[in-house]
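S.K.: any chance you can model this:
(chains A and B)
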Amino acid sequence: QVTVRESGPALVKPTQTLTLTCTFSGVSLSTSGMCVSWIRQPPGKALEWLARIDWDDDKYYNTSLKTRLTISKDTSKNQVVFTMTNMDPVDTATYYCARAIGTNGPFDIWGQGTMVTVSS
Amino acid sequence: EIVLTQFPDFQSVTPKEKVTITCRASQSFGSSLHWYQQKPDQSPKLLIKDASQSISGVPSRFSGSRSGADFTLTINSLGAEDAAVYYCHQTGSLPYTFGQGTKLEIK
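M.R.: Numbering: from 1, shown residues only, chains lettered A, B, ... in the order given. I've put the predicted structure just below:
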């Protein structure tokens, strides 16, 4: 059974850098076709895709946020790490990690999400 | 960037009714269009993949179809448990995008 869990701070201050970790169990991040994305959802609003990292370490980013985002993985820990710099109150949202199989695959497994509030 | 526009934004329906939600794409990207259900305080759940392919464990009353740039999610014989927000999502072209969501209320 594949499970995924996000972890990170619940509160960050404006201008700080947010770092979130996504830990997988039951599947290796090195498995061919394994793609992991980060998605966020402000309270009461729609989902927004942020970034993706593939089994072969290819990386892709949301066009409008690209300069602030970094995605990486630690295969020894089976974790994906996501950072977003220069946090602002508008970045307050629930941040999700999700898996897809194949570059066009749907997100078939989601974490429970982690709520991040940006406030001084 | 591909814009996905869902309609309606909100629909109130009675149990056992049939519901259709449409997702219109601003550009062509193939058939990598997926549907998710999100209930309050839960993560999204995959319902349909690649426009019309069913997902194991999802009730058969959920189905998907495509006509040109319009993708449709159909829910037959609606139940109280289907109250949720439904999102379409495309993975055929980067950056990935989601529709704005359709909230379904059960009367």
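
S.K.: so which residue is smack in the middle of the chain?
M.R.: All of this is about chain A. By C-alpha atoms, centre = their mean, chain A has its centre lying nearest to A:Trp38, at 2.8 Å.

S.K.: wait, I meant chain B there
M.R.: Short answer for chain B (C-alpha atoms, centre = their mean): B:Trp35, at 3.9 Å.

S.K.: wait, doesn't it sit right on B:Arg66?
M.R.: No. With contact defined as C-beta atoms under 8 Å, B:Trp35 does not reach B:Arg66; the gap is 11.5 Å. To be clear about C-beta, it is placed using only N, CA and C from the backbone, and glycine gets the same treatment.

S.K.: hey, where'd the strands end up in chain A?
M.R.: Using DSSP state E, the strands of chain A run over A:3-7, A:11-12, A:18-25, A:34-41, A:48-54, A:59-61, A:69-74, A:79-84, A:93-101, A:107-110, A:114-118.

S.K.: can you redo these as a markdown table with mean pLDDT and distance to chain B?
M.R.: Compiled in a markdown table, these are given as follows (pLDDT from 0 to 100; distance: least, C-beta to the nearest C-beta, whole Å):
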| stretch | mean pLDDT | distance to chain B |
| --- | --- | --- |
| strand A:3-7 | 96 | 10 |
| strand A:11-12 | 98 | 19 |
| strand A:18-25 | 98 | 13 |
| strand A:34-41 | 98 | 7 |
| strand A:48-54 | 98 | 4 |
| strand A:59-61 | 98 | 5 |
| strand A:69-74 | 98 | 11 |
| strand A:79-84 | 98 | 15 |
| strand A:93-101 | 98 | 6 |
| strand A:107-110 | 98 | 4 |
| strand A:114-118 | 98 | 10 |
